[in-house]
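Participant: structure for the following, please:
(one chain, ligands or ions: 2)
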Amino acid sequence: MIVFPNIKINLGLSITEKRPDGYHNLETVFYPVALEDALEIRALPEASLSEADKKITLHQYGMEIAGNPEDNLVAKAYSLLDKEFHLPPVEIHLYKHIPSGAGLGGGSSDAAFMLKLLNGHFHLNLSEEQLEIYAATLGADCAFFIKNKPVYAEGIGNIFSPIELSLKGYQIMIVKPDVFVSTREAFANIHPHHPEYPVKEVIRRPVAEWKDILINDFEASVFPQHPVIGEIKQELYNQGAIYASMSGSGSSVFGLFAPDAALPEINRESNSFCFKGTLGQ
Ligand SMILES: C[C@](O)(CO)[C@H](O)COP(=O)(O)OP(=O)(O)OC[C@H]1O[C@@H](n2ccc(N)nc2=O)[C@H](O)[C@@H]1O
Ligand SMILES: Nc1ncnc2c1ncn2[C@@H]1O[C@H](COP(=O)(O)OP(=O)(O)OP(=O)(O)O)[C@@H](O)[C@H]1O
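Facilitator: Ligands and ions are numbered 1, 2, ... in the order given. Coordinates of the predicted model:
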């Protein structure tokens, strides 16, 4: 069984307060975009396991991910459900197209899709709400990928309410320079505050009005550290983007373009990543 975990972009990102548990409350809109990994599981017969064998074998392809295979979020998602449901052993194939440290939620998406895959394949009968609760324990923005629909998110990024927003037909260009931004460090450099223009209100205005009022709070601390990211955002505007912003804690930047616009070539560095697509929903 194979699924295709996609990314999210953040439309506005206000970090409003630091919580006693060390995490931060935030306000954002998550929008899914069809830049996808591929994730496949194959159930193995219990009898094929010797005492010393692990219950999962993870094969990784495509872009490299830092860390050991057992730290991979798909392995953590399996272990979480295995503890409760004693799952059969599985062979996992994960093909990475989504860059890491990009603010696109690639690891979180893999984890959420793994939960959904196991739920379906092994008939666990977990509801979407139950899956969201499991997902939130794996990563703050992981729960979004269970329903995978545009939402307004609060709390640590796991309390959702519906929004009336469709960007269907807009073209999107995502550029990630060869810079890794640690989400944990990015949060550590933030001074939380309530925004002058709340995300929930700005998002109701036309996209053409978002430029100076739909703000990602991480840009103020990340751009001075990595000027190339701010330069890419400016370049997207120079090349005709209607709205451009860093996603999450960076380092990727996205630009939204009109449905009939010709998308530019932005080749700032040889190792930068670039995706072009059309939004759905
Ligand atoms: C910045 C965003 O991409 C916006 O969508 C997300 O909030 C990040 O979510 P995520 O990658 O799933 O984050 P996690 O892997 O759970 O957390 C990484 C680290 O970021 C910090 N963190 C994360 C989310 C949050 N609301 N407050 C935080 O302070 C914590 O120090 C945490 O140890
Ligand atoms: N399946 C996975 N895919 C990518 N990274 C993973 C995965 N499992 C664990 N990780 C670890 O998580 C780190 C962050 O990866 P991820 O792709 O989620 O970052 P991100 O794009 O900054 O996401 P976010 O927007 O959630 O902060 C990686 O450096 C890697 O060590």
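
Participant: helix or strand for the residue of the stretch 51-200 of the chain found nearest ligand 2, which one?
Facilitator: Ligand 2 sits closest to residue 107 of the stretch 51-200 of the chain, with a gap of 2.8 Å, by Cβ to the nearest ligand atom. (Glycine included, C-beta is placed from N, CA and C.) If you go by DSSP states H and E, residue 107 is part of helix 106-121.

Participant: alpha carbons of that helix, as PDB, please.
Facilitator: What follows is helix 106-121, C-alpha atoms only, in PDB (Å, rounded to 0.1, in the frame of the first residue of the first chain):
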ATOM      1  CA  GLY A 106       7.900  17.100   5.500                       C
ATOM      2  CA  GLY A 107       8.700  14.900   8.400                       C
ATOM      3  CA  SER A 108       5.400  15.700  10.100                       C
ATOM      4  CA  SER A 109       3.500  14.800   7.000                       C
ATOM      5  CA  ASP A 110       5.300  11.400   6.600                       C
ATOM      6  CA  ALA A 111       4.400  10.600  10.300                       C
ATOM      7  CA  ALA A 112       0.700  11.600   9.900                       C
ATOM      8  CA  PHE A 113       0.400   9.600   6.600                       C
ATOM      9  CA  MET A 114       2.000   6.600   8.300                       C
ATOM     10  CA  LEU A 115      -0.600   6.700  11.100                       C
ATOM     11  CA  LYS A 116      -3.400   6.900   8.400                       C
ATOM     12  CA  LEU A 117      -1.700   4.100   6.400                       C
ATOM     13  CA  LEU A 118      -1.500   1.800   9.400                       C
ATOM     14  CA  ASN A 119      -5.000   2.600  10.500                       C
ATOM     15  CA  GLY A 120      -6.400   1.600   7.100                       C
ATOM     16  CA  HIS A 121      -4.100  -1.300   6.400                       C
END
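
Participant: so how far is residue 96 from the residue of the stretch 51-200 of the chain closest to ligand 2?
Facilitator: 10 Å (Cβ to Cβ, to the nearest Å).

Participant: up against ligand 1, what does the stretch 1-150 of the chain have?
Facilitator: With Cβ under 6 Å from any ligand atom as the criterion, the stretch 1-150 of the chain meets ligand 1 at residues 10, 13, 23-24, 26, 28, 103, 105, 108, 139-142.

Participant: out of these, list just those in helices.
Facilitator: Within these, residues falling in helices by DSSP state H are residue 108.

Participant: okay, the residues of the stretch 1-150 of the chain next to ligand 1 in a markdown table with distance to residue 42 and neighbour count next?
Facilitator: Shown next, in a markdown table, are these (distance: Cβ to Cβ, whole Å; neighbours: other Cβ atoms under 10 Å):
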| residue | distance to residue 42 | neighbour count |
| --- | --- | --- |
| 10 | 34 | 26 |
| 13 | 38 | 27 |
| 23 | 36 | 14 |
| 24 | 39 | 19 |
| 26 | 38 | 24 |
| 28 | 36 | 26 |
| 103 | 32 | 30 |
| 105 | 26 | 29 |
| 108 | 23 | 24 |
| 139 | 25 | 24 |
| 140 | 30 | 20 |
| 141 | 28 | 25 |
| 142 | 23 | 26 |
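
Participant: follow-up on the earlier one: was I right about the residue of the stretch 51-200 of the chain closest to ligand 2 contacting residue 139?
Facilitator: Yes. If you go by Cβ atoms under 8 Å, residue 107 and residue 139 touch, sitting 6.8 Å apart.

Participant: for stretch 29-42, buried residues please.
Facilitator: Neighbour-count burial for stretch 29-42 flags 29-33, 35-39, 41 (criterion: 16 or more other Cβ atoms under 10 Å).

Participant: next structured bit after the helix holding residue 107?
Facilitator: Next element after helix 106-121 (DSSP H and E): helix 128-136.

Participant: and the contacts of that following helix?
Facilitator: 77, 80-81, 108, 111-112, 115-116, 119, 126, 142-143, 145-147, 156, 158 (Cβ atoms under 8 Å, 6 or more residues apart in numbering).

Participant: could you redo the last one with a cut-off of 7 Å?
Facilitator: Residues outside helix 128-136 that contact it (Cβ atoms under 7 Å, 6 or more residues apart in numbering) are 80, 111-112, 115-116, 119, 142-143, 146-147, 158.
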